[in-house]
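Enquirer: after the sequence you'll find the predicted model.
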Amino acid sequence: MQPLHPDAIKMLVVHCSDTPDDEQLRAIDIQHMHLGFGWDGIGYHYVIGRDGRCEAGRPEFWQGAHVRGVNDVSLGVCLIGRTNFTTAQMHRLELLLRDWTARYPQARVVGHRDATQTDKTCPNFDAAAWWQTRITARMTPVAGSAEMLAKPEDGAALETESLFGESLEVLDRHNGYLRVRLATDGYEGWVKALSLTPASDTDKGHEHRLIIAPAVVVSAAPDVKSRCLLKLSLGARIMITDEQGEWLTIALPTGGSGYLPACACAQLSPDDDYVGVAETFAGVAYHYGGRSHDGLDCSALVQLSLQAAGIACPRNSGDQERWARTAGTIIDASTLERGDLLFWPGHVAICQSGQMMLHPNAHHHAVTSERIDGALPRLANATGSPVTAIRLM
């Protein structure tokens, strides 16, 4: 087998096995087939089965044997079937191509029939046109959240997190990552391509709600004993397709449905107590840049709690202070009430009363409720600045 250098890859070629759509072939079957042709094993780099399972064929650093004349400048993936490919297959193909196009930005997506002059119709659909509809789509996390990093590399600093159902605009691609802008607050960062999928384009007519519980399980069936599909956090956005009693049916971004209790997304208003929402996070781990129940920072708790009450605010504490100054009024720290916000350079806390405040913080490594008179001198010393108290109007 001949080596294939990453810089040489100019095409990402989609194939089909041209076998009956009800035939459940795997990569090992294609391997035996191609060995029978006298080849050096399977000619594709990946094979996607009818169930959406993606199996490796040749390593990406070896030339394939899938399109005569362009094997030295291409990667190939094969969909099992002939014409009626499954939703799971197309979703997995999209994830693979998003990974490939991020790592090989110079390469274009084509079908076998368009990769070279041939009488073949493989993969029996216009792969390039289909791909164009997918890359223009807005994205959303596949799981409960997706990390947004400072750089397109493993181990880069966490900037924030995008939550399930939030919309992301793709700005750039590099090294298996997508640079995205979060519609919720305009935040930008790099997200692994495989952790995102296009947001639904069939959501018209369906109700959308925010999760207001600190965390909730999405089940495979409307039964508390059912298998957990994923976990969602406060601020996740769901599309409801049905409501039966205490259970909501929601659409999953990868296709199919899940179920969660209706009480997890009861609607609040700006007159409701956003502090009560924040208090449900007491004891949750502090995580700088985090924005979910797995761990979050001070400004994330403020943003998500206010959002649950229908009040939009920025993501970072500095921006939040500037926003609060226009949405409220500065008050004396001796007149604090429930719902007031306390700001220091790089930090924010929520007043539970005139005596107690709540904040995720590195001192306690958790979301902590503590006395204000004890916290003020410590935070003033740590930040080099006295507190600024603001009451939202």
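Expert: Sure thing, it's come through.

Enquirer: ok, and for the helix ranked longest in the chain, which residues are buried?
Expert: Across the chain, the longest stretch assigned as helix under DSSP state H is helix 87-103. Of the residues in helix 87-103, 88-103 count as buried by neighbour count, 16 or more other CB atoms under 10 Å. All C-beta spots, glycine's among them, are computed from the backbone N, C-alpha and C.

Enquirer: likewise for stretch 346-354?
Expert: His347, Val348, Ala349, Ile350, Cys351, Gln352.

Enquirer: can you put those residues in a markdown table and add distance to Gly64?
Expert: What follows is the buried residues of stretch 346-354, written out as a markdown table (distance: CB to CB, whole Å):
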| residue | distance to Gly64 |
| --- | --- |
| His347 | 54 |
| Val348 | 54 |
| Ala349 | 57 |
| Ile350 | 57 |
| Cys351 | 62 |
| Gln352 | 62 |
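
Enquirer: relative to Trp190, how far out is Asp154?
Expert: To Trp190, Asp154 is 11 Å away according to CB to CB, to the nearest Å.

Enquirer: these two: which is more packed in?
Expert: Neighbour tally, Asp154 and Trp190, criterion other CB atoms under 10 Å: the higher count belongs to Trp190, 25 against 10.

Enquirer: what bridges to that one?
Expert: For Trp190, the residues forming beta bridges with it (DSSP bridges) are Leu149, Arg179.

Enquirer: could you do Leu232 as well?
Expert: Note on Leu232: beta-bridge partners Val216, judged by DSSP bridges.

Enquirer: need the contact list for Ile212.
Expert: Counting by CB atoms under 8 Å, 6 or more residues apart in numbering, Ile212 touches Leu234, Ala264, Cys265, Ala266, Gln267, Leu268, Val277, Ala308.

Enquirer: do you know the pLDDT at the fifth one?
Expert: Right, the one you point to is Gln267. With respect to pLDDT, Gln267 scores 70.

Enquirer: confirm it sits in a helix?
Expert: No: using DSSP: H, G, I helix; E, B strand; the rest coil, the assignment for Gln267 is coil, not a helix.

Enquirer: report how many residues lie close to it.
Expert: Residues near Gln267, counting by other CB under 10 Å, number 11.

Enquirer: ok, it - contacts?
Expert: By CB under 8 Å, 6+ apart, the contact list for Gln267 reads Arg209, Ile212.

Enquirer: I'd guessed Ala215 sits against Leu296; true?
Expert: No: if you go by CB atoms under 8 Å, Ala215 and Leu296 don't touch, sitting 11.5 Å apart.

Enquirer: neighbour count winner among those two?
Expert: Leu296 (27 against 18).

Enquirer: just the strands in the stretch 201-350 of the chain please.
Expert: Ranges of strands in the stretch 201-350 of the chain, per DSSP state E, counting those that start in this stretch, are 207-210, 215-219, 228-233, 237-244, 247-251, 257-261, 291-292, 295-296, 328-331, 341-344, 347-351.

Enquirer: next secondary structure element downstream of the helix or strand where Ala382 lies?
Expert: Ala382 belongs to helix 372-383 when assigned by DSSP states H and E. Per DSSP H and E, the first helix or strand lying C-terminal to helix 372-383 is strand 388-392.

Enquirer: list buried residues within the contacts of Ile212.
Expert: Buried residues within the contacts of Ile212, counting neighbours by 16+ other CB under 10 Å: Leu234, Ala264, Cys265, Leu268, Val277, Ala308.

Enquirer: please identify which of those is nearest to Val142.
Expert: Val142 lies nearest to Leu234 out of the buried ones among the contacts of Ile212, by CB to CB, at 19.1 Å.

Enquirer: isn't that closest one right next to Pro214, touching?
Expert: Yes: assessed by CB under 8 Å, Leu234 is found in contact with Pro214 at 5.4 Å.

Enquirer: joint contacts of the two?
Expert: Residues touching both Leu234 and Pro214 by CB under 8 Å, 6+ apart: Thr280, Phe281, His293.

Enquirer: show me what contacts the second one?
Expert: By that I understand Phe281. Contacts of Phe281 (CB under 8 Å, 6+ apart): Pro214, Leu234, His293, Leu296, Leu301, Pro360, Val367.

Enquirer: elements contacting the longest helix of the chain?
Expert: The contact analysis (3 or more CB pairs under 8 Å, 6 or more residues apart in numbering; DSSP states H and E) places helix 87-103 against strand 11-16, strand 46-48, strand 54-56, strand 74-79, helix 127-135, strand 168-174, strand 177-182, strand 196-198.

Enquirer: what do you get if the cut-off is 6 Å, keeping everything else the same?
Expert: Judged by 3 or more CB pairs under 6 Å, 6 or more residues apart in numbering; DSSP states H and E, the packing partners of helix 87-103 are strand 46-48.

Enquirer: ok, back up a step: just give me the closest of the buried residues of helix 87-103 to His32.
Expert: Nearest to His32, judged by CB to CB, of the buried residues of helix 87-103 is Gln89 at 21.1 Å.

Enquirer: low-confidence ranges in the stretch 1-150 of the chain?
Expert: Along the stretch 1-150 of the chain, the model assigns pLDDT under 70 to no residue.

Enquirer: list the buried ones in the helix holding Ala382?
Expert: Neighbour-count burial for helix 372-383, counted by 16+ other CB under 10 Å, picks out Ile372, Ala375, Leu376, Leu379.
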